[in-house]
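Chemist: next come a sequence and a model predicted from it.
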Amino acid sequence: MKNQIVASFAAIPFLIAGANADAAIIQFDDQSVSGGTISYDGEGGSLIGTDLSLDMVIGIDTNANDGTALVCDDCVLNFETGANISEDGSYTFGSGGSVSITGTVKDDSGKIIADDQLVNGSFTENVLVSANNSSAMFMGFGVNDVNSDLSSFFGIKTTDFTFAQTVIAMGEVELEDNGGFSGVVTNVDFDSKAQKVPEPTVLFGLGVVAAGLTVSRRQKIS
């Protein structure tokens, strides 16, 4: 069975004592590339996102280089939750796992701004997914940071960030009889919002909605 699924990630607000939000956002985008997969094996494994392609980084409302678009060479987004815990009407995946973006960020002259690990995080709570034949809801919590060279380029003093908005579209989705699924990623927008916090890490709330037979119209921040 093949459908088109559109997945939407959004930050879920919650309180952190003493934390003050910074409006600055570092946005990763697949402006002219596409590729990667999202899958679950239906056999108790993890929910996995593999090599989701990205080719641009831009700062939004940043203290320095606001609006500057940078080239992201060989950049990919990968994530993996903990193992599946249950599938009784909804999916529960364990905590742990990882969320990362790797690659090389350059300015328009070819100068390297940051490379290797650009974003790094992990899940700190169980990941919950409710699903039916046409849609699924994914929610998880965790910690993440951003490469210090990249955050410094945009004048952001902290490396602690939270997901602000991410949109992932998938085509050629296959739903398996055992509950597993996989799809080819056709669109990725990953926004990471800077936070000012008293601790070296910051919790993030991450929600994912996947709807069958839906066509996504990408909305860009100009």
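Modeler: Received it, and whenever you're ready, just let me know what you need.
Chemist: so what's the residue count around S122?
Modeler: Neighbour count of S122, defined by other CB atoms under 10 Å: 18. (C-beta placed from N, C-alpha, C; glycine too.)
Chemist: for it, phi and psi?
Modeler: When read as degrees, to the nearest 10, the backbone of S122 gives phi -150, psi 160.
Chemist: what residues are bridge-paired with it?
Modeler: Beta bridges link S122 to V143, judged by DSSP bridges.
Chemist: residue contacts, it?
Modeler: S122 makes contacts with S95, G96, G97, S98, V99, G142, V143, N144, as judged by CB atoms under 8 Å, 6 or more residues apart in numbering.
Chemist: what segments of the chain are helices?
Modeler: Taking DSSP state H as the test, the helices found in the chain are 148-153.
Chemist: low-confidence stretches in it?
Modeler: By pLDDT under 70, the low-scoring segments of the chain are 1-22, 89, 130-142, 163-171, 196-222.
Chemist: try 50 this time
Modeler: By pLDDT under 50, the weakly predicted segments of the chain are 1-22, 132, 134-136, 164-165, 197-204, 206-222.
Chemist: let me see the contact set for A194.
Modeler: Taking CB under 8 Å, 6+ apart, we find A194 in contact with D22, A23, A24, I25, I26, V146, S151, I156, T158, D160, F161.
Chemist: got CSV for the residues you listed, with distance to D108 too?
Modeler: As requested, the contacts of A194 are exported to CSV (distance: CB to CB, whole Å):
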residue, distance to D108
D22, 26
A23, 25
A24, 21
I25, 20
I26, 17
V146, 21
S151, 20
I156, 20
T158, 26
D160, 28
F161, 24
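Chemist: of the residues you listed, select the buried ones using a ChimeraX command.
Modeler: ChimeraX command restricting the contacts of A194 to the buried ones, with burial defined by 16 or more other CB atoms under 10 Å:
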select :22,24,25,26,146,151,156,158,160,161
